[in-house]
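> Curious how this folds, go ahead:
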Amino acid sequence: MILVVDFGGQYNQLIARRIRDLNIYCEVVPYNKALKELENRNNVEGIIFTGGPNSVYEEGAPQIEKEIFDKGIPVLGLCYGMQIMAHTLGGEVIKAPNEREFGKTEIETKESLIFKNLSKEETVWMSHVDRVSQAPEGFEVLAKSKNCPIAGMANVDKKLYALQFHPEVNHSVHGKEMLENFAVEICGAKKDWTMENYAKKSIQEIKEKVGDGKVLLALSGGVDSSVTAALLSKAVGEKLTCIFVDHGLMRKNEGDEVEEAFKDLGMHFIRVDAEERFLNKLAGVTDPERKRKIIGEEFIRVFEEEGQKIKAVDFLAQGTIYPDVIESGLGDSAVIKSHHNVGGLPDFVDFKEIIEPLRMLFKDEVRDLGRELGLADYLVDRQPFPGPGLAIRVMGEITKEKLDILRDADKIFRDELEKAKLEDINQYFAVLTNNRTVGVMGDFRTYDYTLALRAVSTTDFMTADFTRIPWEILDKVSNRIVNEVDHINRIVYDITSKPPATIEWE
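Numbers count the residues shown, from 1 in each chain. Down below sits the predicted model:
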């Protein structure tokens with residue numbers, strides 16, 4: 001495996017993703033736990049230091065133990081990672097005296113394993129205020145740019161390499177090749193990290209851990225909980241009980257699709273029809289935050305009531321994924337993950353341990369695992385869907401009628417976009433606004449709802465741009481919805497990016 005040591009850089013997860021894309025396993029650890037991790041492991045073949053926002057020479061800046069460089073394990077420092085390597089090993093880091101470098105930059109490279117099969121001039125992504133002004137003893141300069149005399153350096157004998165730029169971002173044209181050169185050519189890592197291997201190993205580990213015990217899982221129907229359910233089902237079969245709380249706020253046919261996918265997998269599948277209960281609790285509520293809290297709390301109550309019917313539970317399972325672990329500081333997570341970002345699962349369940357079989361996977365790896373386990377495409381490829389469901393895509397008060405109108409319209413929009421097979425579109429849905437406008441249908445005047453359509457393109461969902469859907473597709477969607485769905489007479493398309501807007505409307 002490759003160990004990614006995080007110094008607070010914004011690209012820490014991206015570096016890990018790039019390494020895993022090479023079918024090489026890697027994990028992220030905070031810098032202050034790196035040495036301990038190395039001492040507790042015997043399978044680390046390489047180390048990558050991330051970037052970070054600090055200056056290495058300032059008081060309180062993240063530092064690294066010198067012993068890490070003496071373990072004979074190859075190290076690659078990136079940006080701050082390069083500066084901390086130089087600083088720790090006796091080099092010099094200064095504030096750049098000339099122009100700072102941000103964005104695409106041309107560098108000139110020397111022949112080296114890190115640049116194997118690449119050209120002498122490369123386009124890379126710089127983002128730095130400080131720079132290495134003097135390399136440590138035993139290091140040679142491997143790259144330079146117009147404003148950075150040491151854009152890359154290495155102590156080849158000790159297999160210590162460093163780059164002042166970010167090879168992990170797409171703007172570094174051959175950055176992926178540089179990372180591969182480090183992992184394969186310099187570290188000797190094998191490309192054997194696959195979902196097939198992960199599934200086999202996880203199933204065996206779960207079998208051994210659970211033994212004759214019982215496992216309980218709250219199944220939302222989302223990608224993470226669905227893949228967790230499929231994995232646990234293959235491992236322990238009828239020892240697993242999944243409680244699917246159908247709150248009546250899902251998209252068209254989704255409740256039935258979830259039940260169809262899991263009812264015959266050998267587990268105990270319990271579907272709780274709680275639509276009326278949730279709608280009663282939400283009656284008259286218009287504030288989106290109140291909606292969220294009511295739904296989260298009511299989910300807990302329903303799950304609690306169903307859970308009390310099960311005699312003994314040894315393990316509680318949840319679909320925690322790796323970004324959750326990284327963002328919480330990679331501590332041993334003993335806290336139950338909040339459902340709908342509100343509250344937590346009930347503490348009445350007397351369980352020995354939490355099982356989190358996806359805790360080392362990124363989102364796209366979770367989807368790959370789902371395919372490996374044979375889950376239906378409509379579950380594996382399910383778009384991001386808010387925990388409160390359609391409750392925050394129906395503006396104003398929520399009623400069964402408004403939910404059904406939105407379900408039908410949303411289905412048409414999604415069906416047409418899926419047929420169109422547009423590229424660079426990551427999420428799309430409809431929103432039923434609380435605005436009514438005058439319209440004309442045939443010889444009749446109407447006064448019905450305005451429907452908003454939303455589609456965005458994004459790589460990380462932290463920022464997003466509205467998708468430029470061809471007019472003819474929007475025209476077809478609009479005509480179908482107005483003709484096939486009652487009580488909608490006007491359709492608008494949201495052309496706002498994030499920021500300033502968010503992806504969801506509430």
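
> Please make it C-alpha for all contacts and neighbour counts, starting now.
Fine.

> For residue 490, which non-adjacent residue is spatially closest?
Nearest residue to residue 490, sequence neighbours excluded (C-alpha to C-alpha, 6 or more residues apart in numbering): residue 450, at 4.8 Å.

> Could you point out the helix or strand that follows the helix or strand containing the one you found?
Assigning secondary structure by DSSP states H and E places residue 450 in strand 444-457. Later in the chain than strand 444-457, the nearest helix or strand by DSSP H and E is strand 465-466.

> Are we agreed that residue 43 is in a helix?
No - applying DSSP: H, G, I helix; E, B strand; the rest coil, one finds residue 43 to be coil, outside a helix.

> Burial check on it, number of neighbours?
Residues lying near residue 43 (other C-alpha atoms under 10 Å) number 10.

> got the contact list for it?
residue 1 (C-alpha atoms under 8 Å, 6 or more residues apart in numbering).

> For it, what are phi and psi?
Backbone torsions for residue 43, taken as degrees, to the nearest 10, come to phi -120, psi 10.

> and the gap between it and residue 23?
Using C-alpha to C-alpha, to the nearest Å, residue 43 is found at 16 Å from residue 23.

> And for residue 94?
Relative to residue 23, residue 94 is positioned 37 Å away (C-alpha to C-alpha).

> Also residue 82?
Look at residue 82 and residue 23: by C-alpha to C-alpha, they are 25 Å apart.

> now what about the helix or strand where residue 245 lies, what contacts it?
According to DSSP H and E, residue 245 maps onto strand 240-246. For strand 240-246, contacts defined as C-alpha under 8 Å, 6+ apart pick out 214-221, 229, 232-233, 255, 267-275, 299, 302-303, 306.

> ok, now stretch 177-188?
By C-alpha under 8 Å, 6+ apart, the residues outside stretch 177-188 that reach it are 2, 18-19, 22, 45-46, 73-74, 76, 113-116, 159, 167-168, 189-190.

> And for stretch 129-136?
55, 82-83, 86, 89-96, 100-101, 141, 148-150, 153, 164.

> coming back round to it: distance from the chain centre to the strand holding residue 245, please.
Strand 240-246 has its C-alpha centroid displaced from the chain centroid by 24 Å (C-alpha atoms, centre = their mean, to the nearest Å).

> Give me the next element, helix or strand, following it.
Per DSSP H and E, the first helix or strand lying C-terminal to strand 240-246 is helix 254-262.

> List the residues that contact the closest residue to residue 106 other than its chain neighbours.
Ranked by C-alpha to C-alpha, 6+ apart and with sequence neighbours excluded, the top spatial neighbour of residue 106 is residue 123, at 4.7 Å. Applying C-alpha under 8 Å, 6+ apart to residue 123 gives the contacts 104, 105, 106, 107, 171, 172, 173, 174.

> hmm, back to that, can you tell me which of the contacts of stretch 177-188 are in helices?
For the contacts of stretch 177-188, membership in helices holds for 18, 19, with DSSP state H as the criterion.

> Kindly write the PyMOL command that selects the buried subset of the contacts of stretch 177-188.
For the buried members of these, the matching PyMOL selection, counting by 16 or more other C-alpha atoms under 10 Å, is:
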select buried, resi 2+18+19+22+45+46+73+74+76+114+115+159+167+168+189
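
> Go through the contacts of stretch 177-188 and flag which are in strands.
Of these, the ones assigned to strands by DSSP state E are 2, 46, 76.

> Off-centre distance for stretch 361-370?
Here stretch 361-370 shows a centroid-to-chain-centroid distance of 9 Å under the convention C-alpha atoms, centre = their mean.

> Would you mark the buried spots in that stretch?
Buried positions in stretch 361-370, judged by neighbour count with 16+ other C-alpha under 10 Å: 361, 362, 365, 366, 367, 368, 369, 370.

> average model confidence for it?
Mean pLDDT, stretch 361-370: 90.

> which residues are contacting stretch 161-176?
With contacts defined as C-alpha under 8 Å, 6+ apart, stretch 161-176 is touched by 11, 14-15, 18, 74-83, 85, 104, 114, 118, 122-128, 131, 150-155, 178-179.

> Which strands or helices does the strand holding residue 450 pack on?
strand 427-441, strand 465-466, strand 488-493 (3 or more C-alpha pairs under 8 Å, 6 or more residues apart in numbering; DSSP states H and E).

> any chance of those in TSV, plus distance to residue 204?
TSV is the format used below for the helices and strands packed on strand 444-457 (distance: least, C-alpha to C-alpha, whole Å):
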stretch	distance to residue 204
strand 427-441	35
strand 465-466	43
strand 488-493	49
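
> can you redo these as a markdown table with mean pLDDT, mean neighbour count and distance to residue 201?
As requested, the helices and strands packed on strand 444-457 are exported to a markdown table (pLDDT from 0 to 100; neighbours: other C-alpha atoms under 10 Å; distance: least, C-alpha to C-alpha, whole Å):
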| stretch | mean pLDDT | mean neighbour count | distance to residue 201 |
| --- | --- | --- | --- |
| strand 427-441 | 91 | 17 | 32 |
| strand 465-466 | 92 | 19 | 39 |
| strand 488-493 | 95 | 19 | 46 |
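
> wait, which of the ones you listed is closest to residue 65?
strand 465-466 (42.1 Å; C-alpha to C-alpha).

> Name the surrounding residues that touch that closest one.
With contacts defined as C-alpha under 8 Å, 6+ apart, strand 465-466 is touched by 454, 455, 456, 457, 458, 494, 495, 496, 497, 498.

> Now for the last one, how many residues are close by?
As a burial measure, the neighbour count of residue 498 was computed by other C-alpha under 10 Å and equals 16.

> Please name the bridge partners of it.
Bridge pairing for residue 498 (DSSP bridges) gives the partners residue 464.

> Surely it and residue 467 touch.
No - Residue 498 lies out of contact with residue 467 (C-alpha atoms under 8 Å); the separation is 11.7 Å.

> rewinding a little: which of the contacts of strand 240-246 are buried, as a PyMOL select command?
In PyMOL, this line selects whichever of those come out buried by 16+ other C-alpha under 10 Å:
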select buried, resi 214+215+216+217+218+219+220+221+229+232+233+255+267+268+269+270+271+274+299+302+303+306
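
> quick one: contacts for the residue nearest the centre of the chain?
Nearest to the centroid of the C-alpha atoms of the chain, with distances taken as C-alpha atoms, centre = their mean, sits residue 363, at 4.6 Å. In this structure, residue 363 makes contact with residue 321, judged by C-alpha under 8 Å, 6+ apart.

> separation between it and residue 382?
Using C-alpha to C-alpha, residue 363 is found at 12 Å from residue 382.

> Give the bridge partners for residue 492, please.
Listed by DSSP bridges, the beta-bridge partners for residue 492 are residue 452.

> In this structure it contacts residue 454, no?
No - shown here, residue 492 and residue 454 do not form a contact pair, counting by C-alpha under 8 Å, at 9.0 Å.

> Count the residues that sit near residue 72.
For residue 72, the count of nearby residues is 14 (other C-alpha under 10 Å).

> Among the contacts of stretch 129-136, the buried ones, what's the ChimeraX command?
Here is the ChimeraX command that picks out the buried ones among these, judged by 16+ other C-alpha under 10 Å:
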select :55,82,83,86,91,92,93,94,96,101,141,148,149,150,153,164
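
> Just the ones of the contacts of stretch 129-136 in strands?
Within the contacts of stretch 129-136, residues falling in strands by DSSP E are 92, 93, 94, 95, 101, 141, 153.

> Would you agree the second one is in contact with residue 57?
Yes - using C-alpha under 8 Å, residue 93 is in contact with residue 57, at 7.4 Å.

> still on that earlier bit, list just the nearest of the ones in strands among the contacts of stretch 129-136 to residue 250.
For these, the closest approach to residue 250 (C-alpha to C-alpha) belongs to residue 101, at 47.7 Å.

> Can I get stretch 236-253 as PDB, trimmed to CA atoms?
Below are the C-alpha coordinates for stretch 236-253, written out as PDB (Å, rounded to 0.1, in the frame of the first residue of the first chain):
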ATOM      1  CA  VAL A 236     -24.200 -13.500   6.800                       C
ATOM      2  CA  GLY A 237     -27.500 -14.100   4.900                       C
ATOM      3  CA  GLU A 238     -30.400 -14.500   7.300                       C
ATOM      4  CA  LYS A 239     -28.400 -13.200  10.300                       C
ATOM      5  CA  LEU A 240     -28.900  -9.700   8.800                       C
ATOM      6  CA  THR A 241     -32.100  -7.700   9.300                       C
ATOM      7  CA  CYS A 242     -32.600  -4.600   7.200                       C
ATOM      8  CA  ILE A 243     -35.300  -2.100   8.200                       C
ATOM      9  CA  PHE A 244     -36.300   0.100   5.300                       C
ATOM     10  CA  VAL A 245     -38.300   3.000   6.500                       C
ATOM     11  CA  ASP A 246     -40.400   4.200   3.500                       C
ATOM     12  CA  HIS A 247     -41.400   7.700   4.500                       C
ATOM     13  CA  GLY A 248     -43.300   8.400   1.300                       C
ATOM     14  CA  LEU A 249     -40.800  11.100   0.200                       C
ATOM     15  CA  MET A 250     -38.900   9.000  -2.300                       C
ATOM     16  CA  ARG A 251     -38.900   9.400  -6.100                       C
ATOM     17  CA  LYS A 252     -41.400   7.600  -8.300                       C
ATOM     18  CA  ASN A 253     -41.300   3.800  -7.800                       C
END
